[in-house]
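Q: no sequence for this one, just the structure:
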């Protein structure tokens with residue numbers, strides 16, 4: 001018997017972020033999610049999943065920026 005798809009898989013939205021995801025790619029995906037959410041093309045459930053994905057992408061981007069900021073501080077020292 002095949003495994004049931006989770007709600008996030010049904011909507012095509014994954015909340016797990018690959019740690020190797022490049023900052024630019026994450027920002028581009030985040031911008032698309034925001035645009036799609038604003039357009040009203042998602043159902044309520046899909047909007048919630050997109051919001052969760054967006055929050056995870058934002059956290060990832062903030063982490064990448066913090067790492068770069070730390071590297072700059074090391075170089076300046």
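A: Ah, there it is. These numbers were taken from a predicted model, which means no experiment stands behind them.
Q: Mind pulling up the pLDDT for the residue nearest the centre of the chain?
A: Closest to where the C-alpha atoms of the chain average out (Cα atoms, centre = their mean) is residue 57, at 2.6 Å. What the model reports as pLDDT for residue 57 is 97.
Q: Once you drop chain neighbours, what's closest to it?
A: Leaving aside its sequence neighbours, residue 57 sits nearest to residue 30 (Cβ to Cβ, 6 or more residues apart in numbering; 4.5 Å). C-beta: built from backbone N, CA, C; applies to glycine.
Q: For the helix or strand containing the one you found, which helices and strands make contact with it?
A: Per DSSP states H and E: residue 30 is located in helix 23-39. Contact partners of helix 23-39 among helices and strands, from 3 or more Cβ pairs under 8 Å, 6 or more residues apart in numbering; DSSP states H and E: helix 44-76.
Q: Enumerate the positions of the helix it packs on that are buried.
A: 46-51, 53-54, 56-57, 60-61, 64 (16 or more other Cβ atoms under 10 Å).
Q: Pull up the gap between the nearest residue to residue 60 once chain neighbours are set aside and residue 77, please.
A: Spatial nearest neighbour of residue 60, chain neighbours left out: residue 17 (4.6 Å); criterion: Cβ to Cβ, 6+ apart. Computed as Cβ to Cβ, to the nearest Å, the residue 17 to residue 77 distance reads 30 Å.
Q: more crowded one of the two?
A: residue 17 (17 against 5; other Cβ atoms under 10 Å).
Q: Ramachandran coordinates for the more buried one?
A: Backbone dihedrals for residue 17, given as degrees, to the nearest 10, come out at phi -110, psi 130.
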